[in-house]
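1. Mind folding the following:
(one chain, ligands or ions: 3)
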Amino acid sequence: MSRALATTFNTEPRILPQGLDPMRLPRHVAVIMDGNGRWARQRGLPRMMGHRAGVEALKRTLRLCNDWGVGALTAYAFSTENWSRPGEEVTFLMTLFERVLARELEALEREQVRIRFLGELEELPEGLQRLIADATDRTAMNTGIHFNVCTNYGSRRELVRAAQRLACQVAAGTLAPQQIDEAAFAAELHTAGEDDPDLLIRTSGEQRLSNFLLWQLAYAELHLTDVLWPDFDAGALERALLDYQGRQRRFGGVQTQP
Ligand code: IPE
Ligand code: IPE
Ligand code: MG
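-> Ligands and ions are numbered 1, 2, ... in the order given. This is a model prediction of the structure:
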């Protein structure tokens, strides 16, 4: 299916807003989806309703990114620290992930989304693990946006795991310590094969990384917004992309003349 056809499915095609330069879009956007609980509290609702609304915001953002030509979207759905939340909330989130994945898989396939889940997946409920394996397999050959869902993800764990995997190769005699360079290290991360994010968005006014992609975000541009995640919409994404396009990325070099 062509990209144009894929993106017209089920809804009107969304055209890149005027003012955004299609040639200077971030190839990879990462997002810390924060503020579901506060969104619910503002409405006198239980936190769970905020998570439900958060799923709608994620679906919206994925479609917009796909339509506007962003190559990859990596979303932080559940951190290794989020297990410390009340058991009721953790159980609700795991069930929500299962339901949404089961319900949305066909649409993801049709829209040519390639979905992957990044994190310590073997610690997730078995039903969810099965759905994840199925969704990953069924969308692996898709040609549209790369959609990475960080689930039971923690960057420090990911880095330790990479170090262990490299150490095992050295111990087995298949790798010399001198061969461990940045590329070899990146190849052992959950994000292996994906370019580093160009833009990180964090919603809800928080200004921290919360153990997200510590290696990969080394040179990402940061867009921090007060918008609560369930309210994140086309306008909010457009503002983030405009903010990004107004930056000059130098990667440690000097400013180039216009
Ligand atoms: C983000 O929203 C969703 C997850 C971490 C699963 P929060 O649940 O952290 O919402 P706040 O920060 O309490 O508002
Ligand atoms: C980060 O949000 C994790 C996810 C969005 C999944 P948190 O709400 O858990 O982060 P902190 O606790 O405010 O740092
Ligand atoms: Mg939060």
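2. Residue of the protein nearest ligand 1, please.
-> Using C-beta to the nearest ligand atom, the single residue of the chain nearest to ligand 1 is Gly37, 2.6 Å away. The way it works is simple: take the backbone N, C-alpha and C, and place the C-beta from them, glycine included.
3. what does the average pLDDT come to for the helix or strand that residue falls within?
-> Using DSSP states H and E, Gly37 sits within helix 36-42. Across helix 36-42, pLDDT averages out at 98.
4. tell me which residues in it are buried?
-> By neighbour count on 16 or more other C-beta atoms under 10 Å, the buried set for helix 36-42 is Asn36, Gly37, Arg38, Trp39, Ala40.
5. same thing with stretch 51-66?
-> 51-55, 57-58, 61-66.
6. can you pull the contacts of the closest residue to ligand 2 within the stretch 101-250 of the chain?
-> Nearest residue of the stretch 101-250 of the chain to ligand 2: Ser210, at 3.6 Å (C-beta to the nearest ligand atom). The contact partners of Ser210, taken as C-beta atoms under 8 Å, 6 or more residues apart in numbering, are Ile32, Asp34, Tyr76, Ser79, Glu81.
7. 6 Å - rerun?
-> Shown in contact with Ser210 (C-beta atoms under 6 Å, 6 or more residues apart in numbering): no residues.
8. before we move on, what SS does it have?
-> coil (DSSP: H, G, I helix; E, B strand; the rest coil).
9. If I look at it, what pLDDT would I see?
-> 98.
10. Now do the phi/psi pair for it.
-> phi 50, psi 50 (degrees, to the nearest 10).
11. how close does it get to Leu200?
-> 11 Å (C-beta to C-beta, to the nearest Å).
12. now Gly19
-> 21 Å.
13. if you count what's nearby, which of these two comes out ahead?
-> It is Leu200, of Gly19 and Leu200, that has more neighbours when counted by other C-beta atoms under 10 Å, with 25 against 9.
14. Does anything pack onto the host helix or strand of Ala102? Which helices or strands?
-> Secondary structure assignment for Ala102, by DSSP H and E: helix 87-110. If contacts are counted by 3 or more C-beta pairs under 6 Å, 6 or more residues apart in numbering; DSSP states H and E, helix 87-110 sits against helix 47-68, helix 126-139.
15. Mind putting these into TSV with distance to ligand 1 and mean pLDDT?
-> Formatted as TSV, the helices and strands packed on helix 87-110 follow (distance: least, C-beta to the nearest ligand atom, whole Å; pLDDT from 0 to 100):
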stretch	distance to ligand 1	mean pLDDT
helix 47-68	6	98
helix 126-139	14	98
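16. who touches the spatially most central residue of the chain in this structure?
-> With distances taken as C-alpha atoms, centre = their mean, Thr74 lies nearest the centre of the chain, 1.6 Å away. Residues counted as contacts of Thr74 (C-beta under 6 Å, 6+ apart) are Ala30, Asn148.
17. Which of the three states applies to it?
-> Thr74 - assigned by three-state DSSP - is strand.
18. roughly how far apart are it and Cys65?
-> Separation of Thr74 from Cys65 (C-beta to C-beta): 10 Å.
19. sec struct for Ile115, please.
-> Going by three-state DSSP: Ile115 is strand.
20. For stretch 132-145, measure first residue to last.
-> 17 Å (C-alpha to C-alpha, to the nearest Å).
21. chain center to that stretch: distance?
-> Counting by C-alpha atoms, centre = their mean, to the nearest Å, stretch 132-145 is centred 15 Å from the centre of its parent chain.
22. hmm, who's touching the helix holding Gly37?
-> Under C-beta under 6 Å, 6+ apart, the answer for helix 36-42 is Arg47, Met49, Gly50, His51, Gly54, Leu228, Trp229, Pro230.
23. could you check the distance from the third one over to ligand 2?
-> Okay, so that is Gly50. Distance of Gly50 to ligand 2, given as C-beta to the nearest ligand atom, to the nearest Å: 11 Å.
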